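1. my questions concern the predicted model and sequence given below.
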Amino acid sequence: MGVVTFQDEATSVVPPAKLYKALVKDADVLIPKAVEAIKSVETVEGNGGPGTIKKLTFVEDGETKHVLHKIEAIDEANWGYNYSIIGGVGLPETVEKISFEAKLVAGPSGGSIAKITVKYETKGSANPSEEELKIGKAKGDALFKALEGYVLANPGYN
């Protein structure tokens, strides 16, 4: 098994505590509201803490598909959240799992900076293609921006 790792950052005008609440604590309810293609987020195992497995059901190319996320760690005091994609269509054939280590920090003018480390744990010596990496990054960026947009469009959200 190999590991392909990369780091990324995203900025937001939303304060970290409010953005963390949307991205982590309220995500199961907000994601289907913020992203039209995502139909539901449901807990299939666990109580919401580490070890919990969630199923995100969405429509892509006219087909209903899903991705399984496993919560690895939650650090609410430091706005940290780690999870892995462990099943469903979100995994390229060459990948065993994709792990995300995310943390929000205070950014300029009261906003946030999201720092993320992504690790692709591969099957054997095969690596995901550049195209698979680009698609995965684009989907993650789009989800982040959709939830940020939801918070900004709903000033009463807190």
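-> Nice, I can see it.
2. going by C-alpha atoms from here, please, whenever you check contacts or count neighbours.
-> Fine.
3. neighbours around I98, how many?
-> Residues within reach of I98, counting by other Cα atoms under 10 Å, total 23.
4. kindly export the helix or strand encompassing it (C-alpha atoms) in CSV.
-> If you go by DSSP states H and E, I98 is part of strand 95-106. C-alpha atoms of strand 95-106 as CSV (Å, rounded to 0.1, in the frame of the first residue of the first chain):
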residue,chain,number,x,y,z
VAL,A,95,-7.6,3.7,-3.7
GLU,A,96,-8.3,1.9,-0.4
LYS,A,97,-9.5,5.0,1.4
ILE,A,98,-9.1,8.8,1.3
SER,A,99,-8.4,10.5,4.7
PHE,A,100,-9.0,14.2,5.3
GLU,A,101,-7.5,16.1,8.3
ALA,A,102,-9.2,19.5,8.4
LYS,A,103,-8.7,22.5,10.7
LEU,A,104,-10.1,26.0,10.7
VAL,A,105,-8.0,28.9,12.0
ALA,A,106,-8.8,32.6,12.4
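5. how about the strands of this structure, start to end?
-> Applying DSSP state E to the chain gives strands spanning 3-12, 38-45, 53-60, 63-75, 80-88, 95-106, 112-122.
6. which one of these lies closest to E148?
-> Closest to E148 of these, according to Cα to Cα: strand 3-12, at 7.3 Å.
7. take the strands of the chain and lay them out in JSON lines including distance to L19 and mean pLDDT.
-> Output for the strands of the chain, formatted as JSON lines (distance: least, Cα to Cα, whole Å; pLDDT from 0 to 100):
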{"stretch": "strand 3-12", "distance to L19": "8", "mean pLDDT": "92"}
{"stretch": "strand 38-45", "distance to L19": "18", "mean pLDDT": "96"}
{"stretch": "strand 53-60", "distance to L19": "20", "mean pLDDT": "94"}
{"stretch": "strand 63-75", "distance to L19": "14", "mean pLDDT": "95"}
{"stretch": "strand 80-88", "distance to L19": "12", "mean pLDDT": "95"}
{"stretch": "strand 95-106", "distance to L19": "8", "mean pLDDT": "95"}
{"stretch": "strand 112-122", "distance to L19": "8", "mean pLDDT": "94"}
